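Novice: my questions concern the predicted model and sequence given below.
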Amino acid sequence: MSTRAVLQVGPLKPSLAQTLQDDYAAYVLPDDPADFLAEHGHEIRAVVTSGRTGVDAELMSALPNLGAVVNFGVGYDTTDVDAAAERGVVVSNTPDVLTDCVADTAVGLMIDTLRQFSASDRYVRACRWPVDGSYPLTRQVSNTRVGIIGLGRIGSAIAKRLSAFGCTIAYHNRHEVEGAPYTYMGSPAELAAGVDVLVVAAAGGAGTNRLVSSEVIDALGSRGYLINIARGSVLDEEALVSALVDGRLAGAGLDVFADEPNVPQALLSMDNVVVLPHVASGTVETRAAMEQLTLRNLDSFLESGRLVTPVPMPVTASK
Ligand code: 8YV
């Protein structure tokens with residue numbers, strides 16, 4: 001059969017895109033997709049995409065035989081899972097394999113933000129040390145009070161690491177996590193009010209949109225720090241920027257933004273803010289493991305109709 005069953009949607013890791021070409025004769029969705037979809041849409045059984053792009057309801061409806069969305073990345077908030085569930089389309093992601101690197105990044109970002117290592121590095125490179133003298137004092141990381149929003153796989157790995165720094169850990173989650181050795185707080189604002197550093201590790205999507213609101217940022221206060229390795233959508237970025245501009249928040253470490261790759265201009269001149277270009281899972285080892293798991297999901301779906309790491313689907317009336 002000459003039908004080609006796999007469609008790449010959005011940019012992917014180059015080696016993954018190459019494998020899709022070589023081993024699956026995959027199509028790549030063109031920027032202007034109307035003609036392509038009219039001609040080939042019915043051939044597609046599986047889409048491979050990433051959290052950067054995802055598959056919306058409109059694209060799904062142009063792929064009448066779609067059975068699976070295989071997502072490179074743990075976050076799949078750019079794919080419309082409600083529309084997928086209604087169509088009986090299953091969705092996979094790449095959990096576990098990136099947990100360590102993302103947790104490492106959260107801790108590194110927290111240390112950099114509180115101790116201002118990136119800013120200190122800029123100070124040395126600008127030859128200011130011999131002229132302006134010692135760098136100003138910064139804030140201690142060990143033994144601080146840390147609040148984690150989202151105590152899933154990644155949030156738990158962050159908590160474990162920071163416990164080794166003597167930090168006291170509290171958290172907020174949709175539900176209290178049974179057996180977790182940390183203090184549960186019923187709301188993000190209550191959590192923020194009692195900690196020095198708030199770390200955002202909750203999944204993106206409609207359920208967490210702007211969960212870290214201006215009220216939460218105010219509760220964290222002018223001695224508090226915010227670290228985000230989750231999604232830009234989980235916090236009110238405008239409220240964050242204005243709190244930083246007004247000095248109502250001590251600092252922030254951000255790997256993710258509301259409108260990537262665009263970063264609010266006001267943040268770029270602040271030494272109490274560390275900005276990273278969404279690199280949390282970006283190591284050779286972890287990205288290779290994510291690639292492998294993506295391909296295992298694709299193979300498994302094409303062979304058996306089942307995924308290796310499916311995401312939970314909402315219950316629908318139709319299927
Ligand atoms: C990736 C991520 O950079 O896994 C995720 O959800 O945000 C990152 O690991 C991203 O998914 C790649 O597009």
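Specialist: That came through fine. Worth saying up front: this structure is predicted, and the values here are computed from it rather than measured.

Novice: ok, for the residue nearest to the spatial centre of the chain, nearest residue in space, not its chain neighbours?
Specialist: For the chain, the residue whose C-alpha lies nearest the mean C-alpha position (CA atoms, centre = their mean) is A230; its distance is 3.7 Å. Nearest residue to A230 in three dimensions, chain neighbours excluded: V200, at 4.7 Å (CB to CB, 6 or more residues apart in numbering). The C-beta positions use only the backbone N, C-alpha and C, and glycine is treated the same way.

Novice: from what I can see the one you found touches G232, true?
Specialist: No: taking contacts as CB atoms under 8 Å, V200 lies outside contact range of G232: 9.8 Å.

Novice: more crowded one of the two?
Specialist: Using other CB atoms under 10 Å as the criterion, V200 and G232 rank with V200 on top: 27 against 19.

Novice: contact partners for the closest residue to the ligand within the chain?
Specialist: When scored by CB to the nearest ligand atom, the chain has G73 as its residue closest to the ligand, at 2.3 Å. By CB atoms under 8 Å, 6 or more residues apart in numbering, the contact set of G73 is S50, G51, R52, N93, T94, L98, S281, M290.

Novice: show me those that map onto strands.
Specialist: Using DSSP state E, the subset of those located in strands is S50.

Novice: and the contacts of G73, which two are furthest apart?
Specialist: Using CB to CB, the pair of those lying farthest apart is R52 and L98, separated by 14.6 Å.

Novice: show me where the stretch 1-150 of the chain has strands.
Specialist: Along the stretch 1-150 of the chain, counting by DSSP state E, counting those that start in this stretch, strands occupy 6-8, 27-28, 46-50, 68-72, 90-92, 145-149.

Novice: among those strands, which is nearest S269?
Specialist: strand 145-149 (27.1 Å).

Novice: show me what that closest one pairs with in its sheet, parallel or antiparallel.
Specialist: Neighbouring strands of strand 145-149 in its sheet, by DSSP bridges, are strand 168-172 (parallel), strand 197-200 (parallel).
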